[in-house]
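J.: Provide a 3D model corresponding to the input given below.
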Amino acid sequence: MENKEYRPGQMKRRPMGPAGGPPGRGGEKAKDLIGTWKKLLGYCRRYKVVFVIALICAAAGTVLTLAGPDQLSRMTDVVTEGIAPDTEKLGEIIKSAATSQGADVVVDGVTISVQDQLAMMDVLSEQDGEDAQAALGVLEELPDSVYNLIKPSIDMGKVAEIGFLLIAFYALSYLLSAVQGCIMATVTQRVSQKMRSDISGKINRLPMWFYNRTTTGDVLSRVTNDVDTIGQSLNQSIGNLISAAVLFFGSLFMMLITDRWMTLAAVASSLLGFAIMLAIMGKSQKYFTRQQKHLGELNGHIEEIYAGHTVVKAYNGEAKAQETFDTMNRNLCESGFRAQGLAGLMMPIMGFIGNLGYVAVCVVGGAMALNGRITFGVIVAFMMYVRYFTQPLSQIAQAIQSLQSAGAAGERVFEFLEAEEMEDESGKIETLDNIRGKVEFEHVRFGYEDSDVTVIHDFSAVAEPGQKVAIVGPTGAGKTTMVNLLMRFHEIQGGEIRIDGMPTGKMTREAVHSQFCMVLQDTWLFEGTVRENLIYCTENASEEKMRSACKAVGLDHFIRTLPKGYDTVLNDQVNLSQGQKQQLTIARAMIADKPILILDEATSSVDTRTEQQIQSAMDKLMENRTSFVIAHRLSTIKNADLILVLKDGDIIESGSHERLLAQGGFYAELYNSQFEQVS
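T.: Residues are numbered from 1 along each chain as shown. Next comes the predicted model:
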């Protein structure tokens with residue numbers, strides 16, 4: 001047989017999310033992403049019109065953003081044209097002067113005298129050429145009549161018109177984005193609210209066996225983390241994905257219709273940068289996987305050592321635990337450094353891609369502008385288009401990753417919501433009035449739903465009204481299972497259980513539960529006042545009845561010593577011993593005052609003196625009530641009317657304490673073994 005060395009942290013290993021959290025978080029992929037998203041969108045179908053409006057707003061806002069660079073290009077051209085002299089107008093003046101034959105000429109309503117014409121020609125003749133370009137360096141030497149016609153002049157009206165149009169575009173884009181964000185935030189919160197409500201309702205409809213194979217932490221994770229992941233993805237990822245896609249393809253389209261060569265330069269430079277980024281992402285993926293593995297091992301070790309801290313202390317295992325922790329921590333540090341180090345290159349690479357695109361646009365655009373093929377406004381527009389082209393790709397990658405995380409979370413949520421429920425009991429009787437308390441087990445057979453092993457083989461017994469029935473036997477004999485079957489926490493697979501002749505299978509579970517009060521070995525208290533814990537689900541419980549129950553179990557004095565007495569809130573600041581918690585749950589059962597009582601090791605966590613005090617109170621409580629008592633300390637059930645001895649799911653002996661001792665059978669052996677003295 002292979003000898004596998006045990007490593008701390010290997011127990012209770014569960015799938016981890018990217019931060020060591022529960023399953024269904026970022027970094028985990030759904031088994032059926034498309035199918036899960038179909039279910040999720042179907043779940044949100046009542047909001048589909050609002051969803052469509054939000055997506056239209058996101059797309060329209062992005063389109064308006066894309067219109068900005070084109071207007072900036074127009075503004076740049078207007079300014080560029082305005083800062084240079086009007087050479088065309090100067091050429092027109094020169095031509096008019098040459099053909100004037102010594103007479104005044106009129107250009108654009110301005111009269112240019114013969115004297116000004118001669119002065120202009122003299123200035124131009126000094127520049128070795130009578131052309132318009134020759135006058136650029138000597139504008140101020142030209143006559144005023146000529147200079148005023150050709151001097152640089154920016155059309156501020158046109159600039160203002162384009163500026164206000166840009167403001168309108170960007171303001172409307174912001175407004176549409178804000179509307180989209182508001183709609184998505186409202187819808188996703190309502191979807192999350194409905195999903196949590198559905199899960200909460202589902203919890204009450206699931207059979208007990210579901211929780212036997214599902215951890216409490218896993219259920220809580222679905223209610224909190226998974227629903228939050230879905231809500232965040234709906235709120236951000238879908239809108240961002242639409243905006244990024246429109247921005248990406250829109251910017252590419254705008255670049256193509258503006259200039260194909262400039263588009264080729266911008267796209268080629270960006271693709272080079274993306275090739276580098278994809279190569280790094282491929283290298284980093286294995287380190288992220290390794291990081292999650294080491295993180296899971298470390299979390300498992302911490303959970304294990306923390307839970308068994310007392311044992312570690314008792315056996316002086318601190319050094320060994322620390323050594324193991326240091327090894328795991330170093331492994332996590334190494335893999336985390338490589339994963340995060342490579343991931344940290346993504347933003348610089350994105351910056352590099354953007355800057356590379358700017359360089360390509362400036363070089364190619366500058367050369368083309370000098371050749372007169374494009375204007376400077378086109379270069380300005382392309383610099384913005386390059387940013388719009390590279391920016392959405394990282395957003396699309398993040399949105400897709402978020403959609404995958406939401407798919408994994410949605411898969412877990414829908415798996416829970418679609419789990420098999422308890423049968424519908426709307427047609428069954430809801431109440432059982434005037435109950436006497438006779439309980440009958442007839443050939444009961446039971447095995448847990450997720451197992452082929454039969455736990456209870458053939459159990460038959462009768463508890464008469466008012467009897468105290470004790471169920472004893474070794475660990476695993478089926479004592480607690482019998483109580484769970486009586487409460488209908490599980491459904492029997494054969495035979496019948498009757499209360500006052502009525503089969504429990506024909507009653508609603510609520511009707512069955514309303515006949516019982518239970519005190520279990522595992523105490524349960526919630527954060528609330530002592531009073532709220534005592535009268536839990538017991539309507540119209542009087543103050544006198546509550547205090548009498550606490551006095552009966554010896555808890556009244558302790559409660560009155562608390563800062564606010566019965567109104568003290570039980571939380572981390574109020575420390576109750578396990579025995580005091582058990583006393584409180586016993587008092588709760590006494591206040592509930594139900595016709596049938598179940599005690600499962602009810603005094604296991606109290607001292608002998610308190611046990612005697614509680615036992616006396618319990619004897620009074622059990623008067624005229626059918627009581628089922630599970631006890632390992634057989635001395636506490638000597639006065640039981642009927643003792644049922646279970647072994648391997650069957651009753652092997654039954655009778656009173658004295659009768660069973662006289663038989664000298666299995667019960668006598670159990671009883672005597674508790675009082676034997678070890679020599």
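J.: I'd like the distance between residue 470 and residue 462.
T.: Separation of residue 470 from residue 462 (Cβ to Cβ, to the nearest Å) stands at 14 Å. All C-beta spots, glycine's among them, are computed from the backbone N, C-alpha and C.
J.: of those two, who's got more company?
T.: Taking neighbours as other Cβ atoms under 10 Å, residue 470 and residue 462 compare with residue 470 leading, 24 against 14.
J.: Thought residue 639 was touching that one, still the case?
T.: No: Residue 470 is beyond contact range of residue 639, at 9.2 Å (criterion: Cβ atoms under 8 Å).
J.: right, and residue 329 touches residue 298 too?
T.: Yes: between residue 329 and residue 298 there is a contact under Cβ under 8 Å: 6.4 Å.
J.: quick one, which of the two is more surrounded?
T.: When neighbours are counted by other Cβ under 10 Å, residue 298 comes out ahead of the other of residue 329 and residue 298, with 20 against 16.
J.: That one looks like it's in a strand, true?
T.: No: Residue 298 is assigned helix when assessed by DSSP: H, G, I helix; E, B strand; the rest coil, not a strand.
J.: so it touches residue 330, yeah?
T.: No: counting by Cβ under 8 Å, residue 298 does not reach residue 330; the two are 10.3 Å apart.
J.: Just to be sure, residue 629 is in a strand?
T.: Yes: the assignment for residue 629 is a strand, going by three-state DSSP.
J.: To what extent is it buried, counted in neighbours?
T.: Residue 629 has 25 neighbours, counted by other Cβ under 10 Å.
J.: all helices of the stretch 101-250 of the chain, in order?
T.: Remark: helices assigned in the stretch 101-250 of the chain by DSSP state H, counting those that start in this stretch are 114-125, 144-150, 156-205, 208-212, 216-221, 227-232, 238-258.
J.: same thing with the stretch 401-550 of the chain?
T.: Here the stretch 401-550 of the chain has its helices, by DSSP H, counting those that start in this stretch, at 479-486, 509-513, 530-534, 543-552.
J.: How about the stretch 251-400 of the chain?
T.: Ranges of helices within the stretch 251-400 of the chain are 260-307, 309-314, 318-343, 346-370, 376-417, based on DSSP H, counting those that start in this stretch.
J.: how far away is residue 311 from residue 317?
T.: 8 Å.
J.: do the same with residue 414
T.: In this structure, residue 414 and residue 317 are 43 Å apart, going by Cβ to Cβ.
J.: Same check on residue 332?
T.: According to Cβ to Cβ, residue 332 and residue 317 sit 21 Å apart.
J.: What of residue 636?
T.: Noted for residue 636: a distance of 37 Å to residue 317, by Cβ to Cβ.
J.: Show me the domain layout of the protein.
T.: Listed by automatic domain parsing, the domain ranges of the chain are 84-150, 439-673.
J.: Deepest-packed of those domains, please.
T.: Mean neighbour count (mean count of other Cβ atoms under 10 Å) peaks for domain 439-673 among those, with a mean of 17.
J.: contacting residues around the residue nearest to residue 530 when sequence neighbours are not counted?
T.: Excluding its sequence neighbours, the residue lying closest to residue 530 (Cβ to Cβ, 6 or more residues apart in numbering) is residue 566, at 5.0 Å. Residues in contact with residue 566 (Cβ atoms under 8 Å, 6 or more residues apart in numbering) are 529, 530, 531, 534, 546, 559.
J.: okay, now the nearest residue to residue 61 once chain neighbours are set aside: neighbour count?
T.: Nearest non-adjacent residue to residue 61, counting by Cβ to Cβ, 6+ apart: residue 176, 3.7 Å away. Look at residue 176: counted by other Cβ under 10 Å, it has 21 neighbours.
J.: I figured residue 176 hits residue 60, correct?
T.: Yes: if you go by Cβ under 8 Å, residue 176 and residue 60 touch, sitting 5.3 Å apart.
J.: Poorly predicted segments of the stretch 101-250 of the chain, please.
T.: 101-102, 108, 123-141, 144-145, 147-148, 215-217 (pLDDT under 70).
J.: So which helix or strand of this protein has the lowest pLDDT on average?
T.: Within the chain, confidence by mean pLDDT, DSSP states H and E is lowest for helix 144-150 among all helices and strands, at a mean of 69.
J.: Which residue is the nearest non-sequential neighbour of residue 520?
T.: Of all residues not flanking residue 520 in the chain, residue 600 sits nearest, at 4.8 Å (Cβ to Cβ, 6+ apart).
J.: Test my guess that that neighbour contacts residue 484.
T.: No: in terms of Cβ under 8 Å, residue 600 does not count as a neighbour of residue 484; the distance is 9.7 Å.
J.: CA atoms only: put stretch 636-655 into CSV for me.
T.: Provided in CSV are the C-alpha atoms of stretch 636-655 (Å, rounded to 0.1, in the frame of the first residue of the first chain):
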residue,chain,number,x,y,z
THR,A,636,-29.7,10.6,34.2
ILE,A,637,-32.4,8.4,32.7
LYS,A,638,-32.9,5.8,35.5
ASN,A,639,-36.4,7.2,36.2
ALA,A,640,-37.5,6.8,32.5
ASP,A,641,-40.8,5.0,31.9
LEU,A,642,-39.3,3.2,28.9
ILE,A,643,-35.7,2.7,27.8
LEU,A,644,-35.0,1.8,24.2
VAL,A,645,-31.6,0.3,23.7
LEU,A,646,-30.4,0.8,20.1
LYS,A,647,-27.6,-1.0,18.3
ASP,A,648,-26.8,-0.8,14.6
GLY,A,649,-30.2,0.8,13.9
ASP,A,650,-32.4,-1.8,15.7
ILE,A,651,-33.9,-2.1,19.1
ILE,A,652,-32.2,-4.9,20.9
GLU,A,653,-33.7,-4.3,24.4
SER,A,654,-36.5,-2.3,25.9
GLY,A,655,-38.0,-1.8,29.3
